[in-house]
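# Quick one: sequence and predicted model below, then my questions.
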Amino acid sequence: MGSNFGGNIGRTEPGLWDHVLRVPPVIRYYFAGSLLVTFLWHFRVIPSKPVVLNWEDVFDKYNLPPLVLSFFHWGVVDRNRLFELIFMTMTLFRQGAYLEQSIFSGDAAEYVFCLIFCGLIILVQDFFFPSFVLAKCLIMAILQIWVRHNPNQEVRVIFFTLRAFYLPFVILGADFVFSGGQLPFVTLKGLLAGHLYYFLTEVMKRSCPTPDSISAVT
């Protein structure tokens, strides 16, 4: 007993901050920025104009901040979206962190470039099918890239298990049902952006180069 007691002296359990620091930096900073933007908007500390993407304001009033900040805006925070918000968070910390640590081998610059590329593809689609807030689109792009790299991995969805390959179809179906039969453009835009990135960098074996400016920042 004495040896066990002595072995525990000076040993401390990891705190919340230790767990936060274990999250890869790109995902960590993106999630922190998302929390900041979403809750500042939710509590009306900041108005909608700089964080909600309205293409008329972009072209007529040169309102450019939403082209970036809308990707950090998770939308309305209430109990009706609780499951969706939890799913988005889990996707970031599981699939998003996996991509950063494994597929991108901890190369933050490459991962940032991947997210920027997906973001640009999402913006092009959003011009024709506007969603106003784009965080879920970007997270769905992350999910699709992970799925394409791990199509045979088993994932658990509530009460059943399925291959990762089918997960995007389940999400699309769920979005269709819970939206009352509306086409899930938000999810579709993200999945298409992620699929295009995977297609260009893996299927076509054509690696997208990371600009030197991003490498210098990260």
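Now that the structure is in, tell me what you want to look at. Just so you know, these numbers come straight off a predicted model, no measurement behind them.

# and residue 195, what does it touch?
Residue 195 is in contact with 144, 148, counting by Cβ atoms under 8 Å, 6 or more residues apart in numbering. Where you see a C-beta, it was placed from the backbone N, CA and C, and this is true even at glycine.

# how does it look with 10 Å?
118, 121, 141, 144-145, 147-148, 168, 203 (Cβ atoms under 10 Å, 6 or more residues apart in numbering).

# would you turn those residues into TSV with secondary structure, neighbour count and distance to residue 107?
Converted to TSV, these look like this (DSSP: H, G, I helix; E, B strand; the rest coil; neighbours: other Cβ atoms under 10 Å; distance: Cβ to Cβ, whole Å):
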residue	secondary structure	neighbour count	distance to residue 107
118	helix	26	16
121	helix	20	21
141	helix	28	18
144	helix	25	20
145	helix	27	14
147	helix	22	21
148	helix	19	18
168	helix	20	25
203	helix	10	21
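
# Where is pLDDT lowest across these?
The member of the contacts of residue 195 with the lowest pLDDT is residue 203, and it reads 81.

# contacting residues for that residue?
148, 195.

# what does residue 77 give?
38-39, 41-43, 85.

# try 6 Å this time
Counting by Cβ atoms under 6 Å, 6 or more residues apart in numbering, residue 77 touches residue 42.

# got a pLDDT number for it?
pLDDT at residue 77 comes out at 92.

# Look at it and tell me its secondary structure.
coil (DSSP: H, G, I helix; E, B strand; the rest coil).

# what separates it from residue 26, distance-wise?
23 Å (Cβ to Cβ, to the nearest Å).

# just residue 150 next, same as before
19 Å.

# Neighbour count for those two, which is higher?
residue 26 (23 against 19; other Cβ atoms under 10 Å).

# quick one: the helix or strand containing the more buried one to chain centroid distance?
Assigned by DSSP states H and E, residue 26 belongs to helix 25-42. Counting by Cα atoms, centre = their mean, to the nearest Å, helix 25-42 is centred 11 Å from the centre of its parent chain.

# now do stretch 179-189
17 Å.

# any residues touching it, and which ones?
Applying Cβ under 6 Å, 6+ apart, the contact partners of stretch 179-189 are 122, 125, 129, 131, 136-137, 140, 171-172, 175-176.

# do that again at 7 Å, thanks
122, 125-126, 129, 131, 136-137, 140, 171-172, 175-176 (Cβ atoms under 7 Å, 6 or more residues apart in numbering).

# Next: stretch 127-134.
By Cβ under 7 Å, 6+ apart, stretch 127-134 touches 52-55, 70-71, 73, 75, 122, 126, 137, 185-186, 189.

# among the contacts of stretch 179-189, which are in helices?
Of the positions in the contacts of stretch 179-189, 122, 125-126, 136-137, 140, 171-172, 175-176 sit in helices, assigned by DSSP state H.
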